[in-house]
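1. need the 3D shape of this:
(chains A and B)
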Amino acid sequence: MNLRRDPLAFAAGLLFAAGLVLGGMTNPAKVLGFLDVTGAWDPSLAFVMGGAIAVFAPGYWLMARRSGSLLGDPLNLPTRSTIDARLLVGAALFGVGWGLAGYCPGPALVSTMSLGRDALIVATAMLVGMAGFSLVEARLRRAAP
Amino acid sequence: MLPNVFTPCASTLGGLLIGTSAVLMLALLGRIAGVSGIVGGLLSAHPRDRSWRGAFALGLLVGGFVLAASFPAQFAPVPGHGVGRLVLAGLLVGVGTRLGGGCTSGHGVCGLSRLSKRSLVATATFMGVAMLTVAVAGGAA
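-> Reported below is the predicted structural model:
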(Lines give C-alpha, C1' and ligand atoms only; values in the text may rest on other atoms or scores of the structure.)
Protein backbone atom coordinates (compact mmCIF):
# COMPACT_ATOMS: atom_id res chain seq x y z
CA MET A 1 0.00 0.00 0.00
CA ASN A 2 1.12 3.49 -0.80
CA LEU A 3 -1.11 6.12 0.74
CA ARG A 4 0.03 8.80 -1.66
CA ARG A 5 -0.10 6.96 -4.99
CA ASP A 6 -2.83 4.37 -4.53
CA PRO A 7 -5.77 6.74 -3.86
CA LEU A 8 -4.77 8.68 -7.00
CA ALA A 9 -4.62 5.50 -9.07
CA PHE A 10 -8.03 4.51 -7.66
CA ALA A 11 -9.49 7.90 -8.64
CA ALA A 12 -8.01 7.58 -12.13
CA GLY A 13 -9.62 4.13 -12.41
CA LEU A 14 -13.00 5.55 -11.39
CA LEU A 15 -12.70 8.33 -13.97
CA PHE A 16 -11.60 5.85 -16.64
CA ALA A 17 -14.64 3.64 -15.93
CA ALA A 18 -16.98 6.64 -16.14
CA GLY A 19 -15.47 7.59 -19.51
CA LEU A 20 -15.89 4.07 -20.87
CA VAL A 21 -19.54 3.85 -19.78
CA LEU A 22 -20.48 7.37 -20.96
CA GLY A 23 -18.65 6.82 -24.24
CA GLY A 24 -20.59 3.61 -24.96
CA MET A 25 -17.65 1.20 -24.70
CA THR A 26 -19.41 -1.10 -22.19
CA ASN A 27 -22.27 -1.60 -24.64
CA PRO A 28 -21.05 -4.43 -26.91
CA ALA A 29 -23.80 -3.81 -29.48
CA LYS A 30 -22.45 -0.27 -29.90
CA VAL A 31 -18.86 -1.53 -30.15
CA LEU A 32 -19.82 -4.09 -32.79
CA GLY A 33 -21.81 -1.34 -34.55
CA PHE A 34 -18.61 0.72 -34.73
CA LEU A 35 -16.68 -2.25 -36.12
CA ASP A 36 -19.46 -3.12 -38.60
CA VAL A 37 -18.14 -0.92 -41.40
CA THR A 38 -19.85 -2.99 -44.11
CA GLY A 39 -23.23 -2.85 -42.31
CA ALA A 40 -25.08 -0.28 -40.20
CA TRP A 41 -21.93 1.58 -39.20
CA ASP A 42 -22.11 3.70 -36.03
CA PRO A 43 -19.00 5.93 -35.94
CA SER A 44 -19.61 7.08 -32.32
CA LEU A 45 -16.65 5.24 -30.81
CA ALA A 46 -14.20 7.10 -33.03
CA PHE A 47 -15.27 10.13 -30.95
CA VAL A 48 -14.25 8.32 -27.75
CA MET A 49 -10.76 7.81 -29.12
CA GLY A 50 -10.66 11.33 -30.54
CA GLY A 51 -11.75 12.88 -27.24
CA ALA A 52 -9.24 10.84 -25.25
CA ILE A 53 -6.36 11.72 -27.59
CA ALA A 54 -7.38 15.40 -27.59
CA VAL A 55 -6.69 15.46 -23.83
CA PHE A 56 -3.86 12.98 -23.52
CA ALA A 57 -1.70 14.14 -26.45
CA PRO A 58 -1.05 17.66 -25.09
CA GLY A 59 -0.75 16.24 -21.58
CA TYR A 60 1.83 13.73 -22.74
CA TRP A 61 3.91 16.24 -24.68
CA LEU A 62 3.97 18.61 -21.70
CA MET A 63 4.97 15.80 -19.33
CA ALA A 64 7.55 14.28 -21.70
CA ARG A 65 9.72 17.41 -21.30
CA ARG A 66 9.97 16.77 -17.55
CA SER A 67 12.32 14.34 -15.87
CA GLY A 68 9.68 12.94 -13.52
CA SER A 69 6.04 13.04 -12.44
CA LEU A 70 4.64 15.96 -10.46
CA LEU A 71 5.06 13.81 -7.34
CA GLY A 72 8.69 13.10 -8.19
CA ASP A 73 8.29 9.55 -9.45
CA PRO A 74 10.17 8.55 -12.61
CA LEU A 75 8.21 8.60 -15.86
CA ASN A 76 7.74 4.99 -17.00
CA LEU A 77 7.32 5.50 -20.71
CA PRO A 78 7.35 2.71 -23.30
CA THR A 79 10.78 2.32 -24.84
CA ARG A 80 10.17 -0.44 -27.40
CA SER A 81 9.87 0.76 -30.96
CA THR A 82 10.31 -2.48 -32.91
CA ILE A 83 7.50 -3.64 -35.16
CA ASP A 84 7.87 -7.41 -35.00
CA ALA A 85 5.80 -10.56 -35.47
CA ARG A 86 4.91 -10.53 -31.78
CA LEU A 87 3.27 -7.13 -32.08
CA LEU A 88 1.40 -8.00 -35.27
CA VAL A 89 0.21 -11.46 -34.17
CA GLY A 90 -0.80 -10.15 -30.74
CA ALA A 91 -2.76 -7.25 -32.22
CA ALA A 92 -4.43 -9.56 -34.74
CA LEU A 93 -5.49 -12.08 -32.04
CA PHE A 94 -6.84 -9.21 -29.94
CA GLY A 95 -8.73 -7.94 -33.01
CA VAL A 96 -10.44 -11.30 -33.54
CA GLY A 97 -11.44 -11.48 -29.87
CA TRP A 98 -12.69 -7.87 -29.84
CA GLY A 99 -14.72 -8.45 -33.01
CA LEU A 100 -16.25 -11.70 -31.72
CA ALA A 101 -17.81 -10.26 -28.57
CA GLY A 102 -17.33 -6.46 -28.56
CA TYR A 103 -15.31 -6.28 -25.32
CA CYS A 104 -11.78 -4.86 -25.05
CA PRO A 105 -9.97 -5.17 -21.68
CA GLY A 106 -11.20 -2.03 -19.86
CA PRO A 107 -14.88 -2.44 -20.71
CA ALA A 108 -14.70 -6.20 -20.01
CA LEU A 109 -13.51 -5.53 -16.44
CA VAL A 110 -15.89 -2.63 -15.82
CA SER A 111 -18.83 -4.64 -17.20
CA THR A 112 -18.33 -7.56 -14.80
CA MET A 113 -19.97 -5.35 -12.19
CA SER A 114 -23.25 -5.47 -14.12
CA LEU A 115 -23.14 -9.22 -13.29
CA GLY A 116 -24.22 -9.91 -16.87
CA ARG A 117 -23.42 -13.44 -18.03
CA ASP A 118 -21.61 -12.37 -21.21
CA ALA A 119 -19.31 -9.84 -19.52
CA LEU A 120 -18.46 -12.28 -16.71
CA ILE A 121 -17.54 -15.01 -19.20
CA VAL A 122 -15.45 -12.73 -21.42
CA ALA A 123 -13.63 -11.08 -18.49
CA THR A 124 -12.88 -14.42 -16.79
CA ALA A 125 -11.54 -15.92 -20.00
CA MET A 126 -9.50 -12.75 -20.61
CA LEU A 127 -7.87 -12.92 -17.17
CA VAL A 128 -7.15 -16.63 -17.69
CA GLY A 129 -5.61 -15.77 -21.07
CA MET A 130 -3.43 -13.03 -19.54
CA ALA A 131 -2.27 -15.23 -16.65
CA GLY A 132 -1.68 -18.21 -18.97
CA PHE A 133 0.37 -16.03 -21.29
CA SER A 134 2.55 -14.84 -18.41
CA LEU A 135 3.12 -18.42 -17.21
CA VAL A 136 4.15 -19.65 -20.65
CA GLU A 137 6.37 -16.62 -21.21
CA ALA A 138 8.12 -17.05 -17.86
CA ARG A 139 8.72 -20.75 -18.61
CA LEU A 140 10.10 -19.99 -22.08
CA ARG A 141 12.38 -17.34 -20.64
CA ARG A 142 13.73 -19.80 -18.06
CA ALA A 143 14.25 -22.46 -20.75
CA ALA A 144 16.18 -20.05 -22.98
CA PRO A 145 19.97 -19.99 -22.40
CA MET B 1 -32.49 -5.41 -31.97
CA LEU B 2 -32.72 -1.64 -32.29
CA PRO B 3 -30.12 0.00 -34.49
CA ASN B 4 -27.46 1.99 -32.66
CA VAL B 5 -28.03 5.68 -32.16
CA PHE B 6 -25.14 7.96 -33.19
CA THR B 7 -23.89 9.59 -29.96
CA PRO B 8 -21.04 11.96 -30.87
CA CYS B 9 -21.49 14.22 -27.81
CA ALA B 10 -21.68 11.51 -25.13
CA SER B 11 -18.87 9.58 -26.81
CA THR B 12 -16.61 12.65 -27.05
CA LEU B 13 -17.33 13.45 -23.39
CA GLY B 14 -16.50 9.85 -22.44
CA GLY B 15 -13.27 10.16 -24.39
CA LEU B 16 -12.37 13.40 -22.58
CA LEU B 17 -12.81 11.61 -19.22
CA ILE B 18 -10.60 8.72 -20.37
CA GLY B 19 -7.97 11.17 -21.59
CA THR B 20 -8.09 13.04 -18.26
CA SER B 21 -7.64 9.76 -16.38
CA ALA B 22 -4.63 8.95 -18.57
CA VAL B 23 -3.12 12.41 -17.94
CA LEU B 24 -3.57 11.93 -14.17
CA MET B 25 -1.80 8.57 -14.32
CA LEU B 26 1.13 10.03 -16.24
CA ALA B 27 1.37 13.39 -14.47
CA LEU B 28 1.00 12.05 -10.91
CA LEU B 29 2.26 8.45 -11.05
CA GLY B 30 4.44 8.56 -14.15
CA ARG B 31 2.53 5.65 -15.65
CA ILE B 32 0.81 4.96 -18.97
CA ALA B 33 -2.90 4.16 -18.50
CA GLY B 34 -3.01 0.97 -20.55
CA VAL B 35 -5.58 -1.38 -19.06
CA SER B 36 -4.15 -4.65 -20.41
CA GLY B 37 -0.66 -3.71 -19.20
CA ILE B 38 -1.82 -2.61 -15.75
CA VAL B 39 -4.00 -5.67 -15.19
CA GLY B 40 -1.63 -8.05 -16.96
CA GLY B 41 1.12 -6.84 -14.63
CA LEU B 42 -0.98 -8.01 -11.68
CA LEU B 43 -1.29 -11.45 -13.25
CA SER B 44 2.34 -11.88 -14.27
CA ALA B 45 4.60 -14.56 -12.84
CA HIS B 46 6.60 -12.00 -10.86
CA PRO B 47 4.18 -9.14 -10.17
CA ARG B 48 5.76 -5.73 -9.64
CA ASP B 49 4.12 -2.57 -8.27
CA ARG B 50 1.06 -4.48 -7.14
CA SER B 51 -0.49 -1.69 -5.12
CA TRP B 52 -1.05 1.08 -7.69
CA ARG B 53 -2.07 -1.46 -10.32
CA GLY B 54 -4.56 -3.00 -7.91
CA ALA B 55 -5.84 0.44 -6.92
CA PHE B 56 -6.47 1.43 -10.57
CA ALA B 57 -8.23 -1.89 -11.26
CA LEU B 58 -10.31 -1.46 -8.10
CA GLY B 59 -11.30 2.00 -9.36
CA LEU B 60 -12.49 0.45 -12.62
CA LEU B 61 -14.55 -2.13 -10.72
CA VAL B 62 -16.07 0.27 -8.19
CA GLY B 63 -16.87 2.68 -11.03
CA GLY B 64 -18.47 -0.19 -12.93
CA PHE B 65 -20.49 -1.23 -9.90
CA VAL B 66 -21.95 2.25 -9.33
CA LEU B 67 -22.60 2.89 -13.03
CA ALA B 68 -24.10 -0.54 -13.72
CA ALA B 69 -26.56 0.03 -10.88
CA SER B 70 -27.41 3.49 -12.22
CA PHE B 71 -27.39 2.92 -15.99
CA PRO B 72 -28.04 -0.78 -16.67
CA ALA B 73 -28.96 -0.09 -20.32
CA GLN B 74 -25.35 0.94 -20.98
CA PHE B 75 -24.31 -2.67 -20.21
CA ALA B 76 -26.91 -4.54 -22.29
CA PRO B 77 -25.45 -7.76 -23.74
CA VAL B 78 -25.75 -8.68 -27.40
CA PRO B 79 -28.43 -11.37 -27.73
CA GLY B 80 -27.41 -14.73 -29.12
CA HIS B 81 -23.72 -14.93 -28.26
CA GLY B 82 -23.03 -18.50 -27.11
CA VAL B 83 -20.69 -19.49 -24.27
CA GLY B 84 -18.07 -20.89 -26.67
CA ARG B 85 -17.88 -17.66 -28.65
CA LEU B 86 -17.56 -15.58 -25.46
CA VAL B 87 -14.84 -17.82 -23.96
CA LEU B 88 -12.86 -17.74 -27.22
CA ALA B 89 -13.27 -13.96 -27.45
CA GLY B 90 -12.02 -13.44 -23.88
CA LEU B 91 -9.03 -15.77 -24.30
CA LEU B 92 -7.99 -14.05 -27.55
CA VAL B 93 -8.32 -10.59 -25.99
CA GLY B 94 -6.23 -11.68 -22.98
CA VAL B 95 -3.45 -13.45 -24.89
CA GLY B 96 -3.45 -11.01 -27.81
CA THR B 97 -3.14 -7.84 -25.73
CA ARG B 98 -0.30 -9.32 -23.65
CA LEU B 99 1.54 -10.64 -26.72
CA GLY B 100 1.05 -7.38 -28.62
CA GLY B 101 1.91 -5.25 -25.58
CA GLY B 102 -1.24 -3.20 -25.40
CA CYS B 103 -4.92 -2.72 -26.10
CA THR B 104 -7.31 0.05 -27.10
CA SER B 105 -6.07 2.30 -24.28
CA GLY B 106 -2.31 1.62 -24.24
CA HIS B 107 -1.72 1.43 -27.99
CA GLY B 108 -4.88 3.19 -29.18
CA VAL B 109 -5.17 6.26 -26.95
CA CYS B 110 -1.75 6.63 -25.32
CA GLY B 111 0.40 5.25 -28.15
CA LEU B 112 -1.24 7.31 -30.88
CA SER B 113 -0.93 10.42 -28.67
CA ARG B 114 2.81 9.72 -28.34
CA LEU B 115 3.02 9.37 -32.15
CA SER B 116 4.47 5.88 -31.65
CA LYS B 117 4.78 4.08 -34.97
CA ARG B 118 4.61 0.76 -33.13
CA SER B 119 1.27 1.69 -31.55
CA LEU B 120 -0.06 3.03 -34.85
CA VAL B 121 0.70 -0.33 -36.52
CA ALA B 122 -0.85 -2.25 -33.59
CA THR B 123 -3.99 -0.08 -33.56
CA ALA B 124 -4.46 -0.33 -37.33
CA THR B 125 -4.00 -4.11 -37.07
CA PHE B 126 -6.45 -4.79 -34.24
CA MET B 127 -9.04 -2.37 -35.63
CA GLY B 128 -8.75 -3.80 -39.13
CA VAL B 129 -8.89 -7.41 -37.94
CA ALA B 130 -11.82 -6.64 -35.62
CA MET B 131 -13.73 -5.03 -38.51
CA LEU B 132 -12.98 -8.05 -40.67
CA THR B 133 -14.11 -10.37 -37.87
CA VAL B 134 -17.44 -8.56 -37.56
CA ALA B 135 -17.89 -8.66 -41.34
CA VAL B 136 -17.31 -12.43 -41.33
CA ALA B 137 -18.72 -13.59 -37.98
CA GLY B 138 -21.61 -11.13 -37.80
CA GLY B 139 -22.11 -8.06 -35.64
CA ALA B 140 -24.89 -7.17 -33.28
CA ALA B 141 -27.75 -6.90 -35.75
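
2. how near is B:Gly108 to A:Met49?
-> Here the criterion is CB to CB, to the nearest Å. By it, B:Gly108 lies 6 Å from A:Met49. In short, each C-beta sits where N, CA and C put it, glycine included.

3. low-scoring pLDDT stretches of chain A, where are they?
-> Residues of chain A that meet the criterion pLDDT under 70 lie in A:145.

4. any idea how far the longest helix along chain A is from the chain center?
-> Among the elements of chain A assigned as helix by DSSP state H, the one spanning the most residues is helix A:117-143. Helix A:117-143 sits 15 Å away from the centroid of its parent chain (CA atoms, centre = their mean, to the nearest Å).

5. how many residues are close by residue 30?
-> Looking at chain A here, since you left the chain open. With neighbours defined by other CB atoms under 10 Å in any protein chain shown, the count for A:Lys30 comes to 25.

6. my bad, the chain I had in mind was chain B
-> By other CB under 10 Å, neighbour count at B:Gly30 equals 20.

7. ok, the closest residue to it other than its chain neighbours to B:Gly96 distance?
-> If you skip the residues right next to it in sequence, B:Gly30 has A:Ser69 as its closest partner in space, 3.8 Å away by CB to CB, 6 or more residues apart in numbering or on different chains. Between A:Ser69 and B:Gly96 the computed distance is 30 Å (CB to CB).

8. of these two, who's got more company?
-> Here A:Ser69 and B:Gly96 are compared on neighbour count by other CB under 10 Å; more neighbours surround B:Gly96, at 28 against 19.

9. which element, helix or strand, includes that one?
-> Counting by DSSP states H and E, the element that carries B:Gly96 is helix B:83-100.

10. what about the helices in chain A?
-> Defined through DSSP H, the helices belonging to chain A, from first to last, are A:5-23, A:28-35, A:44-63, A:85-101, A:105-111, A:117-143.

11. try chain B
-> B:8-24, B:35-42, B:50-70, B:83-100, B:112-113, B:117-137.

12. just give the closest residue to the residue sitting nearest the centre point of chain B, not the sequence neighbours.
-> When chain B is reduced to its mean C-alpha position, the nearest residue by CA atoms, centre = their mean turns out to be B:Thr104, at 5.0 Å. The spatial neighbour of B:Thr104 that comes closest, neighbours along the chain excluded (CB to CB, 6+ apart), is A:Cys104 at 4.4 Å.

13. quick check: the one you found touching A:Val110?
-> No: applying CB atoms under 8 Å as the test, A:Cys104 and A:Val110 come out as separate, 10.5 Å apart.

14. more neighbours: which of these two?
-> Neighbour count, other CB under 10 Å: between A:Cys104 and A:Val110, A:Val110 has more, with 33 against 27.
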